[in-house]
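Participant: how would this look folded up:
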Amino acid sequence: MKYLSYSILGFFSLSTLFSFGQHQSHTSSFEKCATYNQEELFKLEHPELVEEIEASEQALENFTALYDASEENQRSQNSALYIIPVVFHILHMNGDENISDDQVYDAIRIINEDYNARNSDLSEVINDFQSIIGNGNIEFRLAQIDPNGNPTNGIDRIQSNETYVGDDGSKLNQWSPDSYLNIWVSAVIGSGAAAYAYLPSTANVYPDIDGIICLNTYVGSIGTSSESGKHTLSHEIGHYLNLAHPWGPTNQPGVSSNCNTDDGVSDTPNTIGTSGSCNLAQVSCGSLDNIQNFMDYSSCDRMFTQGQINRMYATLNSNTADRIALWQNTNLVETGVADLSEADFRLVKPFICQLDTAEFEDQSKFGASSWNWSFEYGNPTTSTDQYPQIFYNTAGVHDVSLTASNSSSTVSTTKTNYILVNPIIGHYTPYVENFSTTSALPNDEWLGYNPYGDDYAFVFDASSGYDNDGCIKMENFGNTFNTEDELYSTTFDLSPLTTGEFTFKYAFAQTSTSGSDALYLFASMDCGETWYPRWSKSGSSLATVSDQNSSWAPSSTSDWESATIYLNNSYLSEKTMFKFVFESEGGNNLYLDDINITGTFSDIAVLEYPENGMTNRPEDVVLQWKASGGITSYEYQLDVSSNFDSPSLETGIKNWISYDPNNSDTEYETSNLINGQTYFWRVRYNINGVAQSWSDTWSFTVVEEGGVGIDEWSEENLHLSVFPNPTNEKTTLRLNLPQSVTAQVTVFDIYGSVAEEQSTVQLVQGTNHVTINSDEYAAGVYIVRVSIGSSQYTKRLVVY
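Facilitator: Numbering: from 1, shown residues only. All right, here's what the predicted structure looks like:
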């Protein structure tokens, strides 16, 4: 996610605002790996161990040569799955380096893709090396049981100044290296590199240094890291499993004498090595270089060779540094990674916009071989992929289920209201949210996101609101320092406004020992693709009451303060979003309430549908424009002439009803339009008898005779609406179709119970009206779902 500067930054301190955005850059001059420099340094500091290390190295080389030709290696290549338990030790001082659980999970995903030839960039390997791509069949699993037999998630957070040192002395709380691959994450690597690991021969002699230490900015591809450094840990694990750089055992690529050294792997061409570049035609030692190798320093690393895989297999089957012990079944049981015990998954991004695709990642523990997913309102609604990508055309919060299986076990999970799909044309203004009718979070309008996966998050609070019971609470008392939580809004359609205001109330208490807990507000004009900072407060400036040293909730309106954020034209789009970000520094709970969005409406009408230049519209297309406020009526014109002066001119008046765009005052239903004809249309406001300026003129072309608009089946083009809404009487579902179909109409309450079902509804080409018996419903919020073929469309209905 990008955090871009904006003029509002003049009000903030960048170091205060975005401590989480300042990363070590991934430049070509930055040393990628320090393994061999560290090896030499260790030998200089421990001359008494050099002979033993060299003997260990020779023994492993001898074993590798024998193993490479053995039947055991053939079996490894054909069938064996090597499972390695992993622990990440996060060294931190409550700064950026205290990376989220999600960033660790992302790193494990990438490592497993790289070692199983599943990485998405593998297809970019040039043809010359496609035939020798190696699939390691090696799986790395976060430990679920620690060395003391206690449950763990495989992430060990350690507050220590050693994060600013990043050397062998920083390898705190090592878990037994014959049972776990230890990976330390730090703010600094003392050698100046991105990461380093010791070879098995050195770790065999001195186990206390066994493992990998890596800058937080090179762990995974999200959070403090980036795409450019995502393969770093795969490179270091290669060293951990006895791979050398393709040019040999040094940290100096690009030296001509490297042509005279080798990496001990027969299918990697001799090379001088590459640093930070990607010349796919490079020939440095008389043959084409495999610069896309994970063990090179190029900027386009993509693959291992089969020879490298075989060399790692030899190490995993040797006693050197006890690598053979890692994947034995007894160890897998003891570290909690042997069995399929839990179905789990995550979203790559916690929300998407309507008509977009969500990416899901299986995180079942462990060893699932088949997956059966179910996606409420998704397209498709089911999948058997491990990492499915699902299209959503229905806005709202939707359930996702997963059943994971292997030959001996089946486990399932359902995450209710898990994915927020925001409408591409957002909620109208004015928007008033005092959470008086809210019963849970997430809902259709607000989603709390907890990237650390801990017990502290944005939740709904039913009893602590400003002037009624409901509000949003950030559970922060007892929270870990320097964690972040996020609260995402739905999209809002601010396009009819000339200026806007976002206001909210907040209540917060520090503790006597807390630091500068901070609350930020961001805005996005493109459904969350890019975020801009709009407001922030921290520490005592954020506090609204005196210090509270036990879990606190506001008890009076005087405990609250208000914030107003002005929105200029840059933020007034059809899919404006907002998010709150809270950074914990040991303070008490935070509360949010009375979130309102208002503004000044333009004097010029804004058209919505059909969009300018559209073709293949039906003969009875419904013209729609944005709702406004402070007006008396809307006047529309439709003509075959852009001058609106032909005999075919249609004109009319719609008296203003409300700000709600779902009412009938913001549309005109055409009829008997001429097939193949281009039409022009426009709208203007009338304010107390005074006609305002016309809107822009838009055009559309009606479908040719006998044709059907092939893109009419997307939800925004069906003009689905429910009116009146809210209501205490019967209501009407209206939709416009390009052809006759049979549909099913179902109404659910917020608990999923069916309030009404019309199983066979005959709908005709053009506009349809379906009566819904909402006068028989109890007061509350309902979802009206229309099912046509394999597609489903929904609208929210409020009954009072």
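
Participant: And for residue 627, nearest residue in space, chain neighbours not counted?
Facilitator: Residue nearest to residue 627 in three dimensions, not counting chain neighbours: residue 661, with 4.2 Å by C-beta to C-beta, 6 or more residues apart in numbering. No exception for glycine: its C-beta is placed from N, CA and C like everyone else's.

Participant: Next one: residue 652 from residue 665, what distance?
Facilitator: 11 Å (C-beta to C-beta, to the nearest Å).

Participant: Between these two, which is the more surrounded one?
Facilitator: Between residue 652 and residue 665, counted using other C-beta atoms under 10 Å, residue 665 has the larger neighbour count: 19 against 11.

Participant: quick one: buried residues of stretch 728-738?
Facilitator: Residues of stretch 728-738 classed as buried under the neighbour-count rule (16 or more other C-beta atoms under 10 Å) are 731, 732, 733, 734, 735, 736, 737, 738.

Participant: Now intersect these with the strands, please.
Facilitator: Among those, the members falling in strands are 731, 732, 733, 734, 735, 736, 737 (criterion: DSSP state E).

Participant: give me the beta-bridge partners of the last one?
Facilitator: Using DSSP bridges, the bridge partners assigned to residue 737 are residue 766.

Participant: pLDDT value on it, please?
Facilitator: Reported pLDDT at residue 737 in the predicted model: 77.

Participant: ok, now which ones touch it?
Facilitator: When the contact criterion is C-beta atoms under 8 Å, 6 or more residues apart in numbering, the partners of residue 737 are 712, 718, 763, 764, 765, 766, 768.

Participant: Go again with 7 Å.
Facilitator: Contacts for residue 737 (C-beta atoms under 7 Å, 6 or more residues apart in numbering) come out as 718, 763, 765, 766, 768.

Participant: Could you turn the buried ones of those into a ChimeraX selection?
Facilitator: Paste this into ChimeraX to select the buried members of those, with burial taken from 16+ other C-beta under 10 Å:
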select :718,763,766,768
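
Participant: of the contacts of residue 737, closest to residue 286?
Facilitator: Nearest to residue 286 among the contacts of residue 737, counting by C-beta to C-beta, is residue 718 at 64.8 Å.

Participant: ok, for that closest one, nearest residue in space, not its chain neighbours?
Facilitator: Distances taken as C-beta to C-beta, 6+ apart place residue 735 nearest to residue 718, at 4.9 Å, with adjacent residues excluded.

Participant: distance of the spatially most central residue of the chain from residue 355?
Facilitator: Geometric centre of the chain, nearest residue: residue 349, 1.7 Å, by C-alpha atoms, centre = their mean. According to C-beta to C-beta, residue 349 and residue 355 sit 15 Å apart.

Participant: do residue 257 as well
Facilitator: Taken as C-beta to C-beta, the spacing of residue 257 relative to residue 355 amounts to 57 Å.

Participant: quick one: which of those two has more around it?
Facilitator: Between residue 257 and residue 355, residue 355 has the larger neighbour count (other C-beta under 10 Å), namely 16 against 11.

Participant: Hmm, residue 394 and the more buried one touching each other?
Facilitator: No. Between residue 355 and residue 394 no contact is recorded; they are 9.7 Å apart, counting by C-beta atoms under 7 Å.

Participant: average pLDDT for the strand or helix carrying residue 87?
Facilitator: According to DSSP states H and E, residue 87 maps onto strand 82-92. Taken as a whole, strand 82-92 has an average pLDDT of 97.

Participant: For that strand, give me every contacting residue.
Facilitator: 97-99, 104, 108, 137-143, 154-160, 162-163, 170, 172-173, 175, 179-186, 316, 326-327, 332, 335, 337.

Participant: export that strand as CSV, just CAs?
Facilitator: Output in CSV follows, covering the C-alpha atoms of strand 82-92 (Å, rounded to 0.1, in the frame of the first residue of the first chain):
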residue,chain,number,x,y,z
TYR,A,82,11.0,-32.4,3.6
ILE,A,83,9.2,-30.4,6.3
ILE,A,84,11.3,-27.9,8.3
PRO,A,85,9.9,-26.2,11.5
VAL,A,86,10.7,-22.5,11.6
VAL,A,87,10.8,-19.8,14.3
PHE,A,88,11.1,-16.1,13.6
HIS,A,89,12.7,-14.1,16.5
ILE,A,90,11.7,-10.5,16.0
LEU,A,91,14.3,-8.3,17.7
HIS,A,92,12.8,-4.8,18.3
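
Participant: partners of that strand, with directions?
Facilitator: Strands adjacent to strand 82-92 in the sheet, as given by DSSP bridges, are strand 138-142 (parallel), strand 155-159 (parallel), strand 181-186 (parallel).
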